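J.: Below: sequence and its predicted model.
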Amino acid sequence: MSDAPMTTITPARAAQELAKVSAAFKNGELKPNEYEHRFSRMVQELRDRQIAGTRAEIMAALEPLRLDGSVTPAEWDRFVSQLGLA
């Protein structure tokens, strides 16, 4: 295993991952326990690899998901809170 730092995630990619997990749950592709596991794993990976950009850039990429209903208010709150963006 390499000691090189992991590459950072773009804000757009973070938004894409959140939308993907949310859509999979809404479409019935994930059971509640699978959804919880995937959501938690996604947040942990984003913490580990870090999202590139400023808070404003990250929020600008995520905000459309909240505004268009792609993610629920609960998902939004949980995501931004767990990533320290709230």
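T.: Structure's in. What do you need? Fair warning: this is a prediction, and the values are worked out from it, not measured in the lab. Numbering: from 1, shown residues only.
J.: Tell me which residues are up against stretch 74-86.
T.: With contact meaning Cβ atoms under 8 Å, 6 or more residues apart in numbering, stretch 74-86 is reached by 18, 22, 39, 43, 46-47, 51, 55, 58-59, 62, 65-66, 71. From N, CA and C alone the C-beta is placed, and that goes for glycine too.
J.: CA atoms of it as PDB?
T.: Once non-C-alpha atoms are left out, stretch 74-86 reads as follows in PDB (Å, rounded to 0.1, in the frame of the first residue of the first chain):
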ATOM      1  CA  ALA A  74     -33.100  15.200   6.300                       C
ATOM      2  CA  GLU A  75     -30.500  13.900   3.900                       C
ATOM      3  CA  TRP A  76     -29.300  17.500   3.300                       C
ATOM      4  CA  ASP A  77     -29.000  18.300   7.000                       C
ATOM      5  CA  ARG A  78     -27.300  15.000   7.700                       C
ATOM      6  CA  PHE A  79     -24.800  15.400   4.900                       C
ATOM      7  CA  VAL A  80     -23.700  19.000   5.500                       C
ATOM      8  CA  SER A  81     -23.600  18.400   9.200                       C
ATOM      9  CA  GLN A  82     -21.500  15.200   9.100                       C
ATOM     10  CA  LEU A  83     -19.100  16.900   6.700                       C
ATOM     11  CA  GLY A  84     -18.800  20.000   8.900                       C
ATOM     12  CA  LEU A  85     -20.400  22.300   6.400                       C
ATOM     13  CA  ALA A  86     -23.400  23.300   8.400                       C
END
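J.: what residues are up against the residue nearest in space to the middle of the chain?
T.: When the chain is reduced to its mean C-alpha position, the nearest residue by Cα atoms, centre = their mean turns out to be Leu18, at 3.8 Å. Residues in contact with Leu18, defined by Cβ under 8 Å, 6+ apart, are 42, 62, 65, 71, 75, 79.
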